[in-house]
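Enquirer: Structure here, sequence nowhere to be found:
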C-alpha cells in the first residue's frame, strides 16, 4: 500500500511541471481549433511559367534521348554484313537470301530489288530504304552516247603501237579520242613516268570504257615502267594514297580493312571493301603486294 502511494506523491517541482504540460497541451489544442490554416497550393502547376518550363524540360529530355541513340549512316545494301543486317532488324533468313544473291555476282540496284530478293516486310523497308546509297551511275545514269561503228578490229600484239611512245596524233585515230583526250593521255603518261599496264588508261579522266577498249585494239604497253611494290600489310594509308588514281578516303578504307583483319593474304579479300571497284582493285595490285 505504501509502495502504491509513493507513485502518486510529487514534490513541488514535479507538480509545477505537470501543470505546465497540461497548460501547454490545452494551448496547442485551442490554437489548432481556432486558427484557420491556409489550404492554398503554394506552387501553381497550372501557371504559364510552370507549363513553359515543363515543355522546355520535356524538349531537353527528348533531345538527350535522341542523342544517345546510335547514329545511322547511308550504306550500299550490296555490302551488308551479318552484323549490319542484325542491327537493321533483318532476320537471318532475309540476310541469307541477300548473301546467296550476291554470291551469284548479282547486284542490288534499287529498293524494289532489295525487297524482292530479301523479302523483308514493308515496315522494315520503309525504315531502312532512306539509308540506301547506290553508286552515282545507278542513281543518275548518263544518257546513252553515240555508238561508234568505225571500230578497228584488234591487231596482233606485234602490230600494236607502244602506249609509252604513242603520239597525240596517233591516239586521235581512235574513235572517241580528239585533241583534248589525246593530250590528256600523254600528260598522264608523263606524270606516271610511263605506263606499266594497259589498265592505267582507266585513270585518265574522261576516257570512257568503250573508248579504252578501242584504244587497246591498236595500242598496248610494250615497254612498261618498273614499279617497286609495297607490302599491303606494312604500308600506311598515306602510302596507299600515293597510288595514282586512289583517293585518300579509299586508301584509308583499304588500310583500315587490312588492319582490322590483322593482315591480308590475298587481294580477293579486298573485294569486300565498299566502293572499291574491280578497276581500282586491279590498279592497286600494280603497286601493292601481299607478301
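Expert: Received the coordinates, thanks. Everything quoted here is computed from the prediction, not taken from an experiment. Residues are numbered from 1 along each chain as shown.
Enquirer: which residues touch the residue nearest the centre of the chain?
Expert: By Cα atoms, centre = their mean, the chain has its centre lying nearest to residue 73, at 4.7 Å. Residue 73 sits next to residue 131 when contact means Cβ atoms under 8 Å, 6 or more residues apart in numbering. Every C-beta, even on glycine, is put in place using the N, C-alpha and C of the backbone.
Enquirer: let's see it at 10 Å
Expert: Listed by Cβ atoms under 10 Å, 6 or more residues apart in numbering, the contact set of residue 73 reads 131, 133.
Enquirer: what's the distance between it and residue 133?
Expert: Taking Cβ to Cβ, to the nearest Å as the measure, residue 73 falls 9 Å from residue 133.
Enquirer: ditto for residue 195
Expert: Taking Cβ to Cβ, one finds residue 195 at 33 Å from residue 133.
Enquirer: isn't residue 204 right up against residue 185?
Expert: Yes: with contact defined as Cβ atoms under 10 Å, residue 204 and residue 185 form a contacting pair (5.5 Å).
Enquirer: Overlap in contacts, these two.
Expert: The contact sets of residue 204 and residue 185 overlap at residue 215 (Cβ under 10 Å, 6+ apart).
Enquirer: what about these two, which has more around it?
Expert: Between residue 204 and residue 185, counted using other Cβ atoms under 10 Å, the more crowded position is residue 185 (23 against 18).
Enquirer: Next, that one: phi, psi?
Expert: Dihedral angles of residue 185 (phi, psi; degrees, to the nearest 10) stand at phi -60, psi -50.
Enquirer: and if you look at residue 223?
Expert: Residue 223 has phi and psi values of phi -120, psi 70 when expressed as degrees, to the nearest 10.
Enquirer: Please report how far residue 17 lies from residue 30.
Expert: As for residue 17, its distance to residue 30 is 21 Å (criterion: Cβ to Cβ).
Enquirer: Quick check, pLDDT for residue 192.
Expert: Note on residue 192: pLDDT of 90.
Enquirer: Could you grab the helix/strand/coil label for the closest residue in space to it that isn't next to it in sequence?
Expert: Among residues not flanking residue 192 along the chain, residue 244 sits closest, at 6.1 Å (Cβ to Cβ, 6 or more residues apart in numbering). At residue 244 the chain is in coil, as set by DSSP: H, G, I helix; E, B strand; the rest coil.
Enquirer: Noted, bye for now.
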